[in-house]
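Undergrad: Provided below for reference: sequence and predicted model.
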Amino acid sequence: SSGINAEYGQEKLVNTDYPVMAMALTETWWNSRVEDAQVAFPGYSIFRAGRKGRPGGGCALLVHRSLKVTDKLAWDDDFNNLIAVYIPSCHTILATVYRTSEYQYLLEELLNFIDKHSLDSTTPDLFVMGDLKLPLHPWNTTTVAGQATGDRISTGT
């Protein structure tokens, strides 16, 4: 396979004058036979989670190498996928989700990862990207409130 670089035109996605710091990909369909080198972008580290039990799904994060990732979480339950990374220099977690069904365990895994990187009761900035399959959610004013564990999600009006 020629990989994603040839399919999408790497030069259009990666601008060296103003590099994108992170890119989220879903529906990658990458299994264990797809090597990182086949889907690599120069200047980016790749982190991925794919379905182990069946084809399809999958997600990946491409993080600019100027950002040092010190921890990662890759999780799947044969239906849903989650890849999350922690970047200490900006106390930030980037997460990409591919969700097809019930996601309670996926959220628990992500919340545990957030807890792990909460410093002195300071919750890291969190950016969740991906295919969340939540079309009826009122996205305009969603906030997370409560403890660092994210015990309550509320939406404003």
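TA: Looks like it arrived, so ask away. Numbers count the residues shown, from 1 in each chain.

Undergrad: now the helices for the protein?
TA: With helices called from DSSP state H, the chain shows them at 3-8, 10-13, 104-116.

Undergrad: Okay, buried residues for the last one please.
TA: Okay, so that is helix 104-116. 106, 109-110, 113-114 (16 or more other CB atoms under 10 Å). The C-beta positions use only the backbone N, C-alpha and C, and glycine is treated the same way.

Undergrad: dump the residue contacts of Asp131.
TA: 26-27, 59, 97-99 (CB atoms under 8 Å, 6 or more residues apart in numbering).

Undergrad: pLDDT check: weakest of those?
TA: pLDDT is lowest at Arg99 among these; the value there is 81.

Undergrad: and the residue most central in space within the chain, bridged to which residues?
TA: By CA atoms, centre = their mean, the chain has its centre lying nearest to Thr96, at 2.0 Å. Beta bridges link Thr96 to Ile83, Met129 when assigned by DSSP bridges.

Undergrad: separation between it and Glu109?
TA: 13 Å (CB to CB, to the nearest Å).

Undergrad: number of nearby residues for Ser89?
TA: 10 (other CB atoms under 10 Å).

Undergrad: Assess the claim that it and Thr70 are in contact.
TA: No: counting by CB atoms under 8 Å, Ser89 stays clear of Thr70, with 9.2 Å between them.

Undergrad: Overlap in contacts, the two.
TA: With CB under 8 Å, 6+ apart as the test, Ser89 and Thr70 reach no residue in common.
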